[in-house]
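Asker: Quick one, fold the following:
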Amino acid sequence: MTTTWILVANASEATIYANKGINKGLEKVAAFDHPESRKKGSDLVSDRPGHMQSAGNGHGAYQPATDPKQNEHESFARELAQHIEQGRTSNQYKRLIVAAEPHFRGLLNGTFSGQVRSLISESLDKDYTKATGKELASHLGKLIYL
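Answerer: Numbering: from 1, shown residues only. As a prediction, this is how the structure comes out:
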């Protein structure tokens, strides 16, 4: 039987579970916490505007403001995608289920490699990060045989 990884995530925390077959249940593979995603945007930046060096004799150009919370969300998505990619290259799973709140799921999809995206069998717009193992099993019972 092939191993299925289940990624349960939101923008500040995530857990990867493995299911190794029928009636095998869920086994926690890894847990991630990204507290920076929970901070206020004002706590993530300095008070000074950014400048970029320009080539030649010109002055530096003002760098447009970016949302610091969005940057942290994207950083966390890249961290998770890297771990998922390492699992794929070391053949730790053959199927992936992603359950994440909608905005963060979109960020994840944008960071996954094409090979990882081809292994995603189900993608749910749900945040199950606070669900117990039993609750998660009942939510996923129709997707995998736990």
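Asker: Identify, by residue count, the longest helix of this protein.
Answerer: helix 68-89 (DSSP state H).
Asker: Next, the buried residues of it.
Answerer: Judged by neighbour count using 16 or more other Cβ atoms under 10 Å, the buried positions of helix 68-89 are 68-69, 72-74, 76-77, 80-81, 83-84, 87-88. C-beta: built from backbone N, CA, C; applies to glycine.
Asker: Make TSV out of the residues you listed and add distance to D127.
Answerer: Output for those, formatted as TSV (distance: Cβ to Cβ, whole Å):
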residue	distance to D127
P68	22
K69	16
E72	17
H73	13
E74	18
F76	14
A77	14
L80	14
A81	18
H83	19
I84	18
G87	22
R88	24
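Asker: L136 touches L26, doesn't it?
Answerer: Yes. Assessed by Cβ atoms under 8 Å, L136 is found in contact with L26 at 6.6 Å.
Asker: Now do the shared contacts for these two.
Answerer: I6, Y17 (Cβ atoms under 8 Å, 6 or more residues apart in numbering).
Asker: what residues are up against P35?
Answerer: S12.
Asker: circling back: of the buried residues of helix 68-89, which is the nearest to W5?
Answerer: Nearest to W5 among the buried residues of helix 68-89 is G87, at 6.3 Å by Cβ to Cβ.
Asker: surely that closest one meets Y93?
Answerer: Yes. G87 is within contact range of Y93, at 5.7 Å (criterion: Cβ under 8 Å).
Asker: Need the residues touching each of those two.
Answerer: Counting by Cβ under 8 Å, 6+ apart, the residues touching both G87 and Y93 are W5.
Asker: Sketch out the low-pLDDT regions of the protein for me.
Answerer: Scanning the chain for pLDDT under 70 picks out 1, 36-66, 145-146.
Asker: which residues of it fall in strands?
Answerer: Ranges of strands within the chain are 4-9, 13-19, 27-33, 51-52, 61-62, 95-100, 120-124, based on DSSP state E.
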